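[1] can you look at this prediction? I've put the sequence above it.
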Amino acid sequence: MSVKVGIPRALFYYYLFPFWKAFFEYLGAEVVVSPPTNKQILNIGVKTSVDEACLPVKVYYGHVISLRDRVDLLFLPRLVSIEKKAYICPKFMGLPDMIRSTLSGLPPIIDVNFNAVKGHRAYKKTVLKLGSNFCSSLRKINRAWVEAVRHQKEFEELQTYGFSPIEALRVLQEGRKEKKKKKIFDFSHEIAVLGHGYTIYDDFLSLNTIKHLNDLGAKISTAENLPINLLEEKAEKLPKRMFWTMGKRILGAALHYLESSQIDGFVYVTVFGCGPDSVIADLTERYARRRGMPFILITLDEHSGEAGVITRLEAFVDMLARRGKHENYFSSYGKSVDICQSTS
Amino acid sequence: MKSYMGIDVGSVSTNIVLLDDKGDLIEKLYVRTNGQPINAVQKGLKKIEEKIKANGWDVEIAGVGTTGSGRKLAAVIVGADVVKNEITAHAVAAMNAVPEVQTVIEIGGQDSKIIIIRNRVVADFAMNTVCAAGTGSFLDQQAARLSLTIEKFSRMALNAQTPVRIAGRCSVFAESDMIHKQQMGHNLPDIIAGLCDALVRNHLNNVGKGKEILSPIVFQGGVAANEGMREAFRKALDAEIIIPENFEVMGAIGAALLAREKMLQNKDIKTAFKGFSTINCDLKVRGFECSECPNLCEVVEIYENLQILARWGDRCGKWTEGIQEQKNVNFN
C-alpha cells in the first residue's frame, strides 16, 4: 500500500500544489488533500490556533486537523523563500513549529526547510533530499523533480490564459486538451482582484468575493493571470526592492494594470492583521490613487455574513458603471453636463 | 398623481419617503427598527397609508426602491423595482439636494461612510470596516449611560468651554476615557464635545483616510441631527458643513429617486409594488441551520400567510433556488 501524504488545502496549496502532487505521486505516494474550507474547518482552526495569527493561518490549522486521522504523513513545509533575495511571510517560517506545539495526535510531519534565498540550487537540493525519504533511486527522484517542474509550469501557464488556480487545477486534473482558452462571458467591467492567493481563491475565506463580482457583471483578472517574469519586471520599477515574494507579485500586477487600459478598477482583498498587506495594500492604494484608478480595500475577518462585502462590491461596480456612463459628458468649460437631470 | 416610494431599512431606523412625479418630497417617515425590520416596514407603510387617506391625496405608487442593510428583506415584503446599496442611494440623494456637492459624509446607526463626488459622479468611497465605533449606536448608548435624551445630549456639546481629549480609536476605550475624565471633575459639556471631536477625528482618519475632502460638504444620516457632531466636523475640516433638509432620510430618498429613474426609462414595465395590503399580511421569519454539509449555513426563510416568499443565507444556493417545492409550514 502506498504512503498517504496529506496536503492542507490552504496557504501554499494555491501556488505550489501541482508541483508537490506530481513529485509525491511520481515517487509512489498517494496525495490526500483536505476538503475546501468550510465552516467546520474555520471554526476548528480559529479555536485551536494561536490568537494573533491571521485568518489564513487559522484556517490552515483547521485543514491540518481535518487531515490528521486520514494520512500517514503530513506535508507541512517550512517555506522560507522560493526565489532568490525574496522571502515568504514570516508566519510561514514558523508554521510547522506552531502546528506541532499546539496540536497533538498528529502523524509524522515532513517539515523540510525550503530556502532559495541563496539561489535555486539549494532549493532543488532540498527537494531531492526530501525525495530520498520515499525512494532510494536517485535517478527516479531526479525524474520526479523534472515531472514536478513540468506540472508546475503547465499550471502557471494555464493561469496566464485567464484561469484561476482552482480552475487551472481542474483542467490539469481532467487532462483536457482544448485547454488553451478560457471561455469569456459578456462583461461590463474588468476588475483586478489583488491580494494573497490563499485569501482571494478560497471562496469561503474571501466570502465569495470573486463570484459576487462575476455576478455583478465583472470579469476578473489577478496577479496570477500574468506571467511571473512580467510581474518581476514591473516590480523592478519600485523605488525600493520588495522583499516579499507575494507582495512583489501583487505590486507588479498593480503597476502593470495601471499602465494598461484594460482594467477599470482594483479590489484589494486583505485579512485583518496581515503584516505584509499593511505595506503592500497601502502602497497599491497610493499608486492607484495617483493614477486615478478606482480602488477599494476589503478587509476580512471571521465574519461569515456576506452582506457587508456585497454592499461594498455592489457600490464599487455601481461607481464604475456610473463613471463609464458619464465619461463622455465632461464639457470643455469645466462644468459637467448632468445625465441624471431627470432625477433633479 | 404618480409617486415613488423609497424604503431604507437600517440597523437603527427604518425610513420611508414618498416623492411626487418630479422627485420632490411629499412625505417622510422615520421609525425605529428596534431589531424587527419586517415589523418596522409594515408599521411604516401603515402610517404612510393613513397619511394618504387622511389628507385625501391622489397618489399612485409607480415605483419602489429599497436600500439599507435590510434592503433585500424590504424588497421581498413590499415588492421593489430597485434594490440598491446605501452608498449609491446616499450619493444620488445628496446630488439631488446639493447639485454641486463634492463630499458626502454619512453616519448612520452601525456604519459610517464618506463618498467623494466629482463632476456629479461617485469617484471614490469608503465605509467603516469591521468595527462600528463612532456611529449612531455608540452615541445612543452614551446618551443612555448619562441618562440624557439623545436630543439633549446632542445640544450639550455646544456649551463646551474647553473640550477634553477623548481616545476615539475604539468605543470601548472612548467610554473608559470619558469615565476617567468625568471622575476627574471635568464638566459634561466639555466631555461630550471632546467625544464628538474624537469621533470626527476617528472618522476622518479611518474612513476618510487619504481622501481629498473638498467643499461643498454634505453631512447626512441620523447622526447629522447631532449638533455637537456638526460643530466638530466644521472645526475639523474648517469648512462649511451643509445639512440637507431631509438629512435623516437621504438613503430612502436616493432609493426612491433611483426607482423613479428606472421607471421613467422603462415606461412599459409596471411596478412590482404589492400594494398597501402587505401591511395586513402575516409575515413570519424562520431561520435554521442546514446540516447537509460542513458549512452549516444559517438559512433564513420568509413566509407570507404561511407561504414561503423567499429564502437566503445558503452558500450553495440549494435553498434559495428551491423555493417552489416548499409546502406550507406550521409555526406553532
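    Arrived safely. Numbers count the residues shown, from 1 in each chain, chains lettered A, B, ... in the order given.

[2] which parts of chain B are helices?
    For chain B, the helices defined by DSSP state H cover B:37-55, B:71-78, B:86-97, B:136-145, B:150-156, B:171-183, B:188-202, B:227-237, B:250-265, B:318-321.

[3] what does the stretch 101-250 of chain A have sitting close to chain B?
    The stretch 101-250 of chain A comes close to chain B at residues A:204, A:208, as judged by Cβ under 8 Å from any Cβ of the partner chain. The way it works is simple: take the backbone N, C-alpha and C, and place the C-beta from them, glycine included.

[4] which residue ranges of the stretch 101-250 of chain A form helices?
    Using DSSP state H, counting those that start in this stretch, the helices of the stretch 101-250 of chain A run over A:120-131, A:138-160, A:165-174, A:197-200, A:209-215, A:228-235, A:245-259.

[5] the shortest one packs against which elements?
    Yep, that's helix A:197-200 we're talking about. Packing partners of helix A:197-200 (3 or more Cβ pairs under 8 Å, 6 or more residues apart in numbering or on different chains; DSSP states H and E): helix A:13-26, helix A:55-68, strand A:265-271.

[6] circling back: select, out of the helices of chain B, the one closest to chain A.
    Smallest distance to chain A across those (Cβ to the nearest Cβ): 3.6 Å, for helix B:86-97.

[7] relative to helix B:250-265, how tilted is the closest one?
    Angle, helix B:86-97 to helix B:250-265, by axes from the mean of the first three to the mean of the last three Cα atoms, to 10 degrees: 80 degrees.

[8] any residue of helix B:86-97 touching chain A?
    Yes. Helix B:86-97 lies within reach of chain A by Cβ under 8 Å from any Cβ, at B:86-88, B:92, B:95-96.

[9] closest one of those to residue A:271?
    Residue A:271 has its nearest neighbour among these in residue B:87, at 22.9 Å by Cβ to Cβ.

[10] how many neighbours does the closest one have?
    Close neighbours of residue B:87, defined as other Cβ atoms under 10 Å in any protein chain shown, add up to 28.

[11] may I have the phi/psi pair for the closest residue to it other than its chain neighbours?
    Residue nearest to residue B:87 in three dimensions, not counting chain neighbours: residue A:315, with 3.6 Å by Cβ to Cβ, 6 or more residues apart in numbering or on different chains. For residue A:315, the backbone dihedrals are phi -60, psi -40 (criterion: degrees, to the nearest 10).

[12] for residue A:280, same thing?
    Backbone torsions for residue A:280, taken as degrees, to the nearest 10, come to phi -70, psi -50.

[13] how much space between it and chain B?
    According to Cβ to the nearest Cβ, to the nearest Å, residue A:280 and chain B sit 16 Å apart.

[14] buried stuff in the helix or strand containing residue A:313?
    With elements taken from DSSP states H and E, the one containing residue A:313 is helix A:307-326. By 16 or more other Cβ atoms under 10 Å in any protein chain shown, the buried positions in helix A:307-326 come out as A:308-323, A:326.

[15] ditto for stretch B:110-130
    B:110-117, B:119-129.

[16] ditto for stretch A:160-168
    A:162-165, A:167-168.

[17] how confident was the prediction at residue B:280?
    If you check residue B:280, the pLDDT there is 79.

[18] just give me the neighbour total for it.
    Residues near residue B:280, counting by other Cβ under 10 Å: 10.

[19] same deal with residue A:52?
    8.

[20] what's the nearest residue to it if we skip its chain neighbours?
    Take residue A:52 and drop its neighbours on the chain: the residue closest to it by Cβ to Cβ, 6+ apart is residue A:273, 7.0 Å away.

[21] returning to what we had before: for the helices of chain B, which one sits closest to residue A:109?
    Taking the helices of chain B one by one with Cβ to Cβ, helix B:318-321 is closest: 37.6 Å.

[22] is chain A within reach of that closest one?
    No. On the criterion Cβ under 8 Å from any Cβ, helix B:318-321 is out of touch with chain A, staying 12.4 Å away.

[23] then that helix to CSV, C-alphas only?
    Below are the C-alpha coordinates for helix B:318-321, written out as CSV (Å, rounded to 0.1, in the frame of the first residue of the first chain):
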residue,chain,number,x,y,z
LYS,B,318,-30.0,25.0,-3.0
TRP,B,319,-32.5,26.6,-0.6
THR,B,320,-32.6,30.0,-2.4
GLU,B,321,-33.5,28.4,-5.7
